[in-house]
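Undergrad: Just a sequence and a predicted model for now, questions to come.
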Amino acid sequence: LTLDGLTLLEIKSALNDTKNALSNWQEFDETPCRWTGISCHPGDDQRVSFINLPYMQLEGILSPSIGKLSGLQRLALHENSLHGTIPNELTNCSDLRALYLRGNFFQGGIPSNIGNLSSLNILDLSGNSLKGAIPSSIGRLSQLQILNLTTNFFSGEIPDIGVLSTFSKHSFEGNSDLCGRQIEKPCRTSLGFPVVLPHAESDQAAVPAKRSSGYMKVLLFYAIAIMGVALVMVLSFLWTRLISKKERAAKRYTEVKKQVHPVTSAKFITFHGNLRHTSSQIIEKLESLNEENLLGSGGYGTVYLMEMNDGGLYAVKRIDRSCEVSDQVFERELEILGSIRHINLVNMRAYCRLGSSRFLIYEYLVLGSLDDALNENTQEIVLPHWSDRLRIALGSARGLAYLHHECSPEIVHGNIKSRNILLDECMDPHISDLGLAKLLLDEEAHVTTVVAGTFGYLAPEYLQSGRATVKSDVYSFGVLLFELVTGKRPTDPSFVRRGLNVVSWVNTLLRDNKLNEVVDKRCKGVDEGTLKIILELAARCTDGNADDRPSMNQVLQLLKQEAMPPQFQFCESDSDY
Ligand SMILES: Nc1ncnc2c1ncn2[C@@H]1O[C@H](COP(=O)(O)OP(=O)(O)OP(=O)(O)O)[C@@H](O)[C@H]1O
């Protein structure tokens with residue numbers, strides 16, 4: 001076995017492989033290159049280039065031996081249950097381009113010399129229990145394009161240097177003790193000097209007891225110098241506050257207007273950084289959209305597939321609803337919606353107002369809606385296998401839990417249904433139409449008119465009051481779970497004719513012990529264990545009493561623990577961010 005193979009066995013020995021996912025990692029093999037989750041560099045030396053083991057239910061720790069894999073380019077261990085610290089030795093892997101450790105239980109800090117990973121493009125440490133300061137050496141990672149440190153316990157000032165200055169609050173959300181320019185939260189000052197030292201470097205910062213005495217000394221030492229810096233910071237903060245959001249938005253529009261169509265009055269806003277295409281290229285395409293590009297239409301507008309000259313694709317929703325609110329109010333609200341970004345949401349990339357038409361520009365999801373995948377009778381549609389269905393359930397739960405629990409104020413979707421779950425090329429789900437129910441139907445509270453086509457997904461209290469809540473979203477999610485199991489729409493004539501809805505129909509069959517009749521016969525690979533868990537969860541979500549339904553965080557936890565797909569096929573979407 002190669003040296004890298006032996007190193008991988010060391011790494012395996014520190015892991016608790018609960019599902020035996022690594023059973024083919026065997027010492028009698030010549031190379032590790034065919035082992036689960038492993039890829040090697042082409043050529044004779046058989047060095048390990050990728051470790052792709054997300055969603056494998058791995059427990060244990062990440063061994064420091066990882067540092068011996070000096071050819072490693074990608075380490076993807078996200079959505080496992082690893083604990084302990086991120087070993088410092090990892091920073092010896094100087095060719096590392098992508099590091100995904102999201103959704104584990106890592107503690108301690110980020111290795112302070114992470115700046116050594118000079119080739120790093122992607123750093124995703126979100127959803128762990130990491131704490132301490134964000135090392136300023138991250139600023140040296142000049143190749144870094146994606147940084148996700150959200151939902152941890154980081155504290156202190158976010159260093160505003162190097163590449164770290166280019167990331168916005170979306171990279172840092174869910175860390176309540178962070179402050180700094182990027183998150184538009186000034187570091188609180190006491191007598192003019194910061195409570196938390198800026199740019200604290202090491203993960204020692206995670207240990208408050210050790211830190212405090214040195215901390216006070218350094219505070220005193222720097223007090224006078226920092227007074228000056230603090231004054232400048234306060235002044236610049238006041239300056240940014242003084243320029244109202246409106247003025248800033250107007251400034252942005254003007255810039256774009258200058259850049260493109262000087263004759264038209266087009267307004268163009270991009271979200272989450274620049275698009276691959278300029279606004280003038282996009283406006284030109286928007287103007288030429290016609291029936292041939294039609295993808296479909298829904299309650300809020302008509303959706304087109306927009307193909308750019310270089311082959312890039314966007315889905316464009318032209319808002320057809322006449323909207324009571326002024327363009328200004330609409331666009332301000334939209335900016336808030338556009339700032340939301342999550343891997344299981346259909347992220348809005350841009351907005352354009354061209355004459356009297358309003359266009360929302362989204363990333364394009366190639367496999368269309370879950371409703372199409374389950375119900376369309378065309379040959380090309382690939383019916384999701386049971387493990388895909390579990391992954392769709394898990395991803396949708398994650399997206400919805402993010403809206404309910406990570407956004408402030410919480411976002412009620414109000415229209416969860418299989419037509420609003422869109423699938424990318426990996427069959428990963430993305431929730432669409434978020435915020436539109438509120439934005440386009442009624443901007444007061446969460447009162448929405450019942451939308452045509454969503455019958456069957458609506459919680460009884462939502463039907464009665466017309467008021468969508470997080471718990472009515474949970475109900476709709478429960479119906480979605482039933483749909484994933486049965487393959488039937490909630491309005492399927494087979495039970496609607498008998499005066500039943502999908503919830504009562506399934507319950508009747510289960511009472512009569514007819515589990516087989518509940519399950520979609522076209523679905524391959526169903527295992528009874530996870531099936532029962534999903535059905536039980538769907539029943540709890542669709543409880544008639546809203547208070548007895550679980551929260552989406554509870555749903556997500558349960559799905560993560562109990563209903564993880566047995567084999568996760570790693571697939572990377574080629575979305576441009
Ligand atoms: N980002 C996207 N990528 C690929 N297809 C999309 C995208 N957004 C919408 N579509 C497709 O366009 C069609 C119309 O979508 P739209 O969201 O307007 O309607 P709907 O979901 O059917 O109804 P509603 O407006 O009530 O949500 C659907 O078939 C949907 O699958």
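TA: Thanks, I have it. This structure is a prediction, so every number in the text was calculated from the model and none was measured. Numbering: from 1, shown residues only.
Undergrad: Point me to the residue of the stretch 101-250 of the chain nearest the ligand.
TA: Ranked by CB to the nearest ligand atom, the top residue of the stretch 101-250 of the chain for proximity to the ligand is H170, at 19.5 Å. All C-beta spots, glycine's among them, are computed from the backbone N, C-alpha and C.
Undergrad: That residue - that's part of a strand, no?
TA: No - assignment of H170 by DSSP: H, G, I helix; E, B strand; the rest coil gives helix, placing it outside any strand.
Undergrad: thinking it is in contact with L149, fair?
TA: No - assessed by CB atoms under 8 Å, H170 is found out of contact with L149, at 10.2 Å.
Undergrad: so does stretch 471-484 get close to the ligand?
TA: No - Stretch 471-484 lies apart from the ligand when judged by CB under 6 Å from any ligand atom; the minimum separation is 12.0 Å.
Undergrad: chain center to that stretch, what's the gap?
TA: Chain-centre distance of stretch 471-484: 20 Å, with CA atoms, centre = their mean, to the nearest Å.
Undergrad: Next: stretch 515-526.
TA: For stretch 515-526, the separation from the chain centroid amounts to 30 Å (computed by CA atoms, centre = their mean).
Undergrad: ok, the closest residue to N80 other than its chain neighbours - contacts?
TA: Nearest residue to N80, sequence neighbours excluded (CB to CB, 6 or more residues apart in numbering): L58, at 4.2 Å. When contacts are counted by CB atoms under 8 Å, 6 or more residues apart in numbering, L58 touches L15, N16, D17, T18, A21, L77, N80, S81, L82.
Undergrad: Buried ones only from the residues you listed, please, as a PyMOL command.
TA: Command for PyMOL that selects the buried part of those, burial taken from 16 or more other CB atoms under 10 Å:
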select buried, resi 15+17+21+77+80+81+82
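Undergrad: The ligand next: which of the contacts of L58 are close?
TA: Among those, the ligand is touched by none when using CB under 6 Å from any ligand atom.
Undergrad: Turn the contacts of L58 into JSON lines, columns for pLDDT and secondary structure.
TA: As requested, those are arranged in JSON lines below (pLDDT from 0 to 100; DSSP: H, G, I helix; E, B strand; the rest coil):
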{"residue": "L15", "pLDDT": "93", "secondary structure": "strand"}
{"residue": "N16", "pLDDT": "89", "secondary structure": "strand"}
{"residue": "D17", "pLDDT": "88", "secondary structure": "strand"}
{"residue": "T18", "pLDDT": "81", "secondary structure": "coil"}
{"residue": "A21", "pLDDT": "88", "secondary structure": "coil"}
{"residue": "L77", "pLDDT": "93", "secondary structure": "coil"}
{"residue": "N80", "pLDDT": "82", "secondary structure": "coil"}
{"residue": "S81", "pLDDT": "83", "secondary structure": "strand"}
{"residue": "L82", "pLDDT": "89", "secondary structure": "strand"}
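Undergrad: Would you mind measuring from the residue nearest to N80 to the ligand?
TA: 33 Å (CB to the nearest ligand atom, to the nearest Å).
Undergrad: Run through the bridge partners of that residue.
TA: Taking DSSP bridges as the rule, L58 bridges to D17.
Undergrad: Apart from its chain neighbours, what residue comes closest to the residue of the stretch 101-250 of the chain closest to the ligand?
TA: Using CB to CB, 6+ apart and skipping residues adjacent in sequence, the residue nearest H170 is R341, 5.3 Å away.
Undergrad: next one: phi and psi at the one you found?
TA: Reported as degrees, to the nearest 10, the phi and psi values for R341 are phi -150, psi 130.
Undergrad: which ones are touching the nearest residue to F271 once chain neighbours are set aside?
TA: Nearest non-adjacent residue to F271, counting by CB to CB, 6+ apart: G338, 3.6 Å away. Shown in contact with G338 (CB under 8 Å, 6+ apart): I269, F271, H272, M348, Y351.
Undergrad: would E292 count as being in a helix?
TA: Yes - note on E292: a helix contains this position according to three-state DSSP.
Undergrad: Check the gap between it and the ligand for me.
TA: Counting by CB to the nearest ligand atom, the gap from E292 to the ligand is 15 Å.
Undergrad: what kind of secondary structure is N175 in?
TA: Under the three-state scheme (three-state DSSP), N175 adopts coil.
Undergrad: I figured it was touching G156, is that so?
TA: No - counting by CB under 8 Å, N175 stays clear of G156, with 9.7 Å between them.
Undergrad: For the residue nearest to F271, give its distance to S432.
TA: Per CB to CB, to the nearest Å, G338 is found 14 Å from S432.
Undergrad: for D17, same thing?
TA: Distance from D17 to S432, by CB to CB: 36 Å.
Undergrad: just L58 next, same as before
TA: Separation of L58 from S432 (CB to CB): 32 Å.
Undergrad: do D492 as well
TA: Counting by CB to CB, the gap from D492 to S432 is 23 Å.
Undergrad: swap in L354?
TA: From L354 across to S432, the span is 22 Å (CB to CB).
Undergrad: Tell me which of the two has more neighbours.
TA: Set side by side, L354 and S432 show more neighbours around S432, with 24 against 17, by other CB atoms under 10 Å.
Undergrad: Can you name the residues that contact the residue nearest to that one when sequence neighbours are not counted?
TA: In space, not counting the residues next to it along the chain, S432 is nearest to V346; the distance is 4.0 Å by CB to CB, 6+ apart. When contacts are counted by CB under 8 Å, 6+ apart, V346 touches A315, Y362, E363, L365, L422, H430, I431, S432, D433, L434.
Undergrad: For the first one, report the pLDDT, please.
TA: Residue-level confidence at A315 comes out at 95, pLDDT.
Undergrad: Burial check on it, number of neighbours?
TA: Using other CB under 10 Å, A315 has 21 neighbouring residues.
Undergrad: Are we agreed that it is in a strand?
TA: Yes - secondary structure assignment places A315 in a strand (three-state DSSP).
Undergrad: now the strands for the stretch 351-500 of the chain?
TA: Under the criterion DSSP state E, counting those that start in this stretch, the stretch 351-500 of the chain contains strands at 357-363, 421-423, 429-431.
Undergrad: now those in CSV, with mean pLDDT and distance to the ligand?
TA: Listed next are these as CSV, based on pLDDT from 0 to 100; distance: least, CB to the nearest ligand atom, whole Å:
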stretch, mean pLDDT, distance to the ligand
strand 357-363, 90, 4
strand 421-423, 95, 5
strand 429-431, 95, 8
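Undergrad: As TSV, those strands with mean neighbour count and distance to V555 would be great.
TA: Putting the strands of the stretch 351-500 of the chain into TSV (neighbours: other CB atoms under 10 Å; distance: least, CB to CB, whole Å) gives the following:
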stretch	mean neighbour count	distance to V555
strand 357-363	21	25
strand 421-423	25	15
strand 429-431	26	14
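Undergrad: Redo these as CSV? Include distance to L9.
TA: Listed next are the strands of the stretch 351-500 of the chain as CSV, based on distance: least, CB to CB, whole Å:
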stretch, distance to L9
strand 357-363, 40
strand 421-423, 37
strand 429-431, 35
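Undergrad: circling back: show me which of H170 and L149 is the more surrounded one.
TA: Using other CB under 10 Å, the more surrounded residue of H170 and L149 is L149, with 23 against 18.
Undergrad: Quick check: pLDDT value at that one.
TA: With respect to pLDDT, L149 has a value of 92.
Undergrad: got a list of what it touches?
TA: If a contact means CB under 8 Å, 6+ apart, then L149 has L123, L125, S126, L130, I134, S171, F172, N175 as its contacts.
Undergrad: Shouldn't the first one be within a strand?
TA: Yes - going by three-state DSSP, the assignment for L123 places it inside a strand.
Undergrad: Quick check: the gap between it and I283.
TA: Distance of L123 to I283, computed by CB to CB: 34 Å.
Undergrad: These two: which is more packed in?
TA: More crowded of L123 and I283, by other CB under 10 Å: L123, with 23 against 18.
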